[in-house]
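**Q** Pasted the sequence and its predicted model underneath.
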Amino acid sequence: GLVLEYAVEWLTADRDVVLAAVCQHGLALDVAAKAMQSDREVVLAAVRRVGLALQAAALYLQADREVVMTAVRRHGDALRYAAPELCEDREVVLAAVQSQGAALKDACEALQADRDVVLAAVRCHGGALEHASVVVQEDREVVLAA
């Protein structure tokens with residue numbers, strides 16, 4: 001997977017080589033050619049393995065709901081690499097915080113004030129309460145769940 005870093009440049013653009021690499025280690029996408037970082041199938045394979053591989057994906061794929069959902073289900077913190085509009089998508093954010101509560105920090109303000117979203121986040125990681133709105137931080141049930 002990560003040995004792709006030491007491959008000759010033309011192999012980092014070979015779709016079969018890159019697919020094999022990201023299936024072994026998703027972060028191999030970081031060293032793949034730009035064309036491979038724009039290939040939806042390659043990026044999906046990478047984020048299925050390591051959600052944080054989303055950081056190396058082309059911007060249009062960071063705005064692709066299916067790609068982002070796959071990434072955040074694998075690693076909630078991948079939400080930080082998602083397009084802003086997906087950080088406002090309740091379903092995407094819920095998937096992220098259920099995987100990793102601290103992902104709440106990358107959600108939009110409205111979802112940081114959403115009691116159900118915050119509850120899901122603090123049940124996963126109590127420290128996520130730090131990223132909740134003040135109103136939700138004052139909610140007794142939420143604090144007890146943290």
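**A** Perfect, I can see it now.

**Q** Quick check: buried residues in stretch 63-78?
**A** 64, 67-78 (16 or more other C-beta atoms under 10 Å). Backbone N, C-alpha and C define where each C-beta goes, glycine included.

**Q** cool, and stretch 101-117?
**A** 101-108, 111-114, 117.

**Q** Stretch 34-48 too?
**A** Across stretch 34-48, burial judged by 16+ other C-beta under 10 Å covers M36, Q37, D39, V42, V43, L44, A45, A46, V47, R48.

**Q** could you dump the buried residues of stretch 63-78 to CSV with pLDDT, secondary structure and distance to V8?
**A** Supplementary listing: the buried residues of stretch 63-78 in CSV, determined by pLDDT from 0 to 100; DSSP: H, G, I helix; E, B strand; the rest coil; distance: C-beta to C-beta, whole Å:
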residue, pLDDT, secondary structure, distance to V8
D64, 98, coil, 30
V67, 98, helix, 28
V68, 98, helix, 32
M69, 98, helix, 35
T70, 98, helix, 30
A71, 98, helix, 29
V72, 98, helix, 34
R73, 97, helix, 34
R74, 96, helix, 30
H75, 97, coil, 30
G76, 97, helix, 36
D77, 97, helix, 32
A78, 98, helix, 30
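
**Q** Distance to C23 added to these, as CSV?
**A** Listed next are these as CSV, based on distance: C-beta to C-beta, whole Å:
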residue, distance to C23
D64, 19
V67, 16
V68, 20
M69, 19
T70, 14
A71, 15
V72, 20
R73, 17
R74, 14
H75, 17
G76, 22
D77, 21
A78, 18
